[in-house]
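Engineer: missing the sequence, but the structure's below:
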């Protein structure tokens, strides 16, 4: 009989216990939480959960952080990034070396107080007469030495020789062949 009374007391106590309100809390990211009712007990502050490390950011392409094949289109993109980093640092002679045999076509960028570029995803590689070409879109912007601001799209074309007998390591590296400013779209 004592056991039955004890069991009944425990069940009654369990049924009348208040549920843990913190477990029922819903966290909505990006919205302000609703104000608690005036008679609600003070709750300790909570920290919203962190997103998982592998959650993709919408509208952005995830680029591999692994090694990049220097012969790939992404390798050509790195050459363009290096070129514009050297230009931004005003290391024009070093930047001109990335033009290879087309160095005489390299623009004189010394007339700019500031020169920056956003380098975008390279296009697909295309082969022609023993060479491979790739284009890399860029948005160049900055300020001239006269104080004029500018912003213009550009397309950088890079070339490298295919891995053919008799080609040198230098010929098999990506080199800038030309930089075009496309005509404005109407």
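Structural biologist: All right, it came through fine. It should be emphasised that the depicted structure is a prediction, and the values quoted were computed from it without experimental measurement.
Engineer: all strands of the chain, in order?
Structural biologist: Secondary structure of the chain by DSSP state E: the strands cover 112-119, 126-128, 131-144, 149-161, 175-180.
Engineer: can you say which of those strands is nearest to residue 106?
Structural biologist: If you check each of the strands of the chain against residue 106 by C-beta to C-beta, strand 175-180 wins as the nearest, at 7.6 Å. Glycine gets a C-beta too; all of them are placed from N, C-alpha and C.
Engineer: who's in contact with the closest one?
Structural biologist: The set of residues that contact strand 175-180 without belonging to it, under C-beta atoms under 8 Å, 6 or more residues apart in numbering, is 79-80, 83, 98-102, 105-107, 133, 138, 154-160.
Engineer: out of the strands of the chain, nearest to residue 89?
Structural biologist: In terms of C-beta to C-beta, the element of these nearest to residue 89 is strand 112-119, at 9.9 Å.
Engineer: pLDDT on that closest one, on average?
Structural biologist: Averaged over strand 112-119, pLDDT sits at 94.
Engineer: quick one: low-confidence ranges for this protein?
Structural biologist: Counting by pLDDT under 70, the chain contains low-confidence residues at 1-66, 184-186.
Engineer: what about 80?
Structural biologist: Along the chain, the model assigns pLDDT under 80 to residues 1-68, 128, 182-186.
Engineer: residue ranges of the helices in it, please?
Structural biologist: Read by DSSP state H, the chain holds these helices, from start to end of the chain: 2-16, 73-88, 92-96.
Engineer: hang on, the earlier thing: could you dump the strands of the chain to JSON lines with distance to residue 75?
Structural biologist: Formatted as JSON lines, the entries for the strands of the chain read as follows, by distance: least, C-beta to C-beta, whole Å:
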{"stretch": "strand 112-119", "distance to residue 75": "13"}
{"stretch": "strand 126-128", "distance to residue 75": "15"}
{"stretch": "strand 131-144", "distance to residue 75": "9"}
{"stretch": "strand 149-161", "distance to residue 75": "9"}
{"stretch": "strand 175-180", "distance to residue 75": "12"}
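Engineer: adding distance to residue 93 and mean neighbour count, write those strands out as TSV.
Structural biologist: Below are the strands of the chain laid out as TSV (distance: least, C-beta to C-beta, whole Å; neighbours: other C-beta atoms under 10 Å):
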stretch	distance to residue 93	mean neighbour count
strand 112-119	15	16
strand 126-128	30	10
strand 131-144	19	18
strand 149-161	19	17
strand 175-180	15	18
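Engineer: tell me which of those approaches residue 88 most closely.
Structural biologist: Using C-beta to C-beta, the nearest of the strands of the chain to residue 88 is strand 112-119, at 5.8 Å.
Engineer: could you check the angle helix 73-88 makes with the closest one?
Structural biologist: Counting by axes from the mean of the first three to the mean of the last three C-alpha atoms, to 10 degrees, strand 112-119 lies at 170 degrees to helix 73-88.
Engineer: cool, thanks, signing off.
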